[in-house]
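Peer 1: Kindly return the folded structure for what I paste below:
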Amino acid sequence: MQDLAGMLGTWEIIIIFAALLLLFGGRKIPELMKGIGKGIREFNEAKEKVKADIEEGMKTEKKEKDNTVKSD
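Peer 2: Okay, the predicted model is just below:
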């Protein structure tokens, strides 16, 4: 997302904001932003959960591998 913001200039951001204002109206923009924020937050939580599950799986696999090597 930082790369996208680096590519957008001031005028592009103003045009995007004006288009949003025309499409959704002044009252709907806070609702829209709240929904986008909630979606981003849920995505990040899911991403962290998947990351933790993968790391735990790797630890479990390593323990199992170590146990089989020791028993041989």
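Peer 1: and Lys34, how many neighbours?
Peer 2: 10 (other Cβ atoms under 10 Å). Backbone N, C-alpha and C define where each C-beta goes, glycine included.
Peer 1: Actually, Leu32.
Peer 2: 13.
Peer 1: Report the spatially closest residue to Leu21, excluding sequence-adjacent ones.
Peer 2: Spatial nearest neighbour of Leu21, chain neighbours left out: Ile29 (6.8 Å); criterion: Cβ to Cβ, 6 or more residues apart in numbering.
Peer 1: And the helices in this structure?
Peer 2: Counting by DSSP state H, the chain has helices at residues 2-7, 10-71.
Peer 1: would you list the ones you listed in CSV and tack on mean pLDDT?
Peer 2: Shown next, in CSV, are the helices of the chain (pLDDT from 0 to 100):
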stretch, mean pLDDT
helix 2-7, 61
helix 10-71, 87
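Peer 1: which of the ones you listed is buried the deepest?
Peer 2: helix 10-71 (a mean of 10; mean count of other Cβ atoms under 10 Å).
Peer 1: so what secondary structure elements neighbour that one?
Peer 2: Helix 10-71 is packed against no helix or strand, with contacts defined by 3 or more Cβ pairs under 8 Å, 6 or more residues apart in numbering; DSSP states H and E.
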